[in-house]
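Visitor: Provide a 3D model corresponding to the input given below.
(one chain, ligands or ions: 2)
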Amino acid sequence: MAEARKRYLSGNQPSGLLHLGNYFGAIREHIALQDEGEGFYFIANYHALTTIRDAEKLRQLTFDAAVTYLACGLDPNKSCLFRQSDVPEVTELTWLLMTVTPMGLLERAVSYKDKISRGLSAEAGLFNYPVLMAADILAYQSDAVPVGEDQVQHVEITRDIAGAFNRAYGEVFKLPVYKLGVAPYVPGTDGGKMSKSYGNAIDIFAEGKALRDIVMGIKTDSTPVEAPKDPAKCNIFALYALMATPAEKQEMEARYRRGGMGYGEAKKALVAKIESYFADARARRAEWASHPDRVEEVFRHGAQRARAEARLTLDAARAACGVA
Ligand code: ADP
Ligand code: TRP
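Guide: Ligands and ions are numbered 1, 2, ... in the order given. Here you go, the predicted model:
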């Protein structure tokens, strides 16, 4: 018997413009997997509400995130692309899951823990963020969740929550695994993890002066121009290597080791690489962005498909715990 096609599910928060970390750590994998299995990808606007409090901005960023997926090659006829808030079954499932989620599990979740350790107060939405994420994943009976390294803990929490529900009520949920791609940790301009919230991100579609300014700001050590440099310790090289062909990568490595090339020159090469690597996607982006009705149609179609799947799981979960 032929093996069933795997189902992949993942989400991106529209809490800012999508950046190279999102692309190489997640979006590129999502698009590559659309020919291998069944893809469910969504824009996590409910999650973004834990950081954004500007309705128009959130709408715009949600639209822009979808356009980015489409421009980068997501085919809405192969994968299901939708907006998280269009699937109310998921928020309903979140409550059922919340009733079996130990507080201690959520207290150990990094985003909540970080905020508290910085002396900031957190909202219940941030505390319960991983439960909504578990519902996102479990509602579609996903096999695997393609994400970057920073999301691994969330997928593990999802497995714990699914296990708790299954133990209480029988096998309702499939336990998913996380799936790391080839670039699970993309560094930002300061050397830390590139993130929308750390001011260290290079947006996928940054261009011109804005792109030059942000790349010129990448932190380097103070090795002088003439001296040989170690490419393995340089963030400029790490980013360049994500987009270069093997031959270009080798040549750049040799230039680092030889000495005589300053970081300024490496930064210029990186700017040119980013512009050329995303040139086709940039053109497709302009096309999609000028047809918001088509994007809305993708969302409408995606939500229909996603809701049908989520409904089946929600009904099973409701019946299992005695509310239906
Ligand atoms: P951000 O930290 O910018 O808010 P998200 O948390 O919305 O990004 O992440 C969306 C997806 O992109 C997730 O799968 C996440 O693991 C991945 N991702 C985010 N930043 C990086 C990075 N610097 N390197 C690799 N993957 C990343
Ligand atoms: N928390 C994820 C992030 O910040 C976004 C997300 C929400 C997600 N729900 C998900 C990712 C379900 C994978 C699966 O990146």
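Visitor: which residues touch stretch 94-113?
Guide: Residues outside stretch 94-113 that contact it (Cβ atoms under 8 Å, 6 or more residues apart in numbering) are 122, 126-132, 134-135, 138, 150, 153-154, 157, 160-161, 164-165, 168, 317-318, 321, 323. To be clear about C-beta, it is placed using only N, CA and C from the backbone, and glycine gets the same treatment.
Visitor: quick one: buried residues of that stretch?
Guide: Neighbour counts over stretch 94-113 (16 or more other Cβ atoms under 10 Å) mark T94, L96, L97, V100, T101, L106, A109, S111, Y112 as buried.
Visitor: now do stretch 203-222
Guide: Per 16+ other Cβ under 10 Å, stretch 203-222 contains these buried residues: D203, I204, F205, A206, L211, R212, I214, V215, I218, T220.
Visitor: so does it get close to ligand 1?
Guide: No. Stretch 203-222 lies out of reach of ligand 1 by Cβ under 6 Å from any ligand atom, never closer than 10.5 Å.
Visitor: ligand 1 contacts on the stretch 1-150 of the chain?
Guide: Checking the stretch 1-150 of the chain against ligand 1 by Cβ under 6 Å from any ligand atom, the hits are N12, Q13, S15, G21, N22, G25, A26, V147, G148, D150.
Visitor: report the buried members of those residues.
Guide: By 16+ other Cβ under 10 Å, those give N12, Q13, S15, G21, N22, G25, A26, V147, G148 as buried.
Visitor: mark which of those are part of helices, please.
Guide: G21, N22 (DSSP state H).
Visitor: save the buried ones among the residues of the stretch 1-150 of the chain next to ligand 1 as TSV, and put in distance to Y198 and pLDDT too.
Guide: Shown next, in TSV, are these (distance: Cβ to Cβ, whole Å; pLDDT from 0 to 100):
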residue	distance to Y198	pLDDT
N12	16	97
Q13	14	97
S15	12	96
G21	10	98
N22	13	98
G25	14	98
A26	17	98
V147	18	98
G148	14	98
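Visitor: from the buried ones among the residues of the stretch 1-150 of the chain next to ligand 1, which are also near ligand 2?
Guide: Within those, those near ligand 2 by Cβ under 6 Å from any ligand atom are Q13, V147.
Visitor: before we move on, the earlier item: from the buried residues of stretch 203-222, pick the one nearest G188.
Guide: Nearest to G188 among those: I218, at 8.7 Å, using Cβ to Cβ.
Visitor: before we move on, what SS does the closest one have?
Guide: Assigned state for I218: coil (three-state reduction, DSSP: H, G, I helix; E, B strand; the rest coil).
Visitor: ok, it - contacts?
Guide: Here I218 is in contact with T189, N235, I236, L239, Y263, K267, L270 (Cβ under 8 Å, 6+ apart).
Visitor: quick one, phi/psi of it?
Guide: Dihedral pair for I218: phi -60, psi 130, per degrees, to the nearest 10.
Visitor: what's the answer for L9, then?
Guide: phi -140, psi 140.
Visitor: what about it, distance to D315?
Guide: 19 Å (Cβ to Cβ, to the nearest Å).
Visitor: neighbour count winner among those two?
Guide: Set side by side, L9 and D315 show more neighbours around L9, with 26 against 12, by other Cβ atoms under 10 Å.
Visitor: returning to that earlier point: so which of the contacts of stretch 94-113 also contact ligand 2?
Guide: H154.
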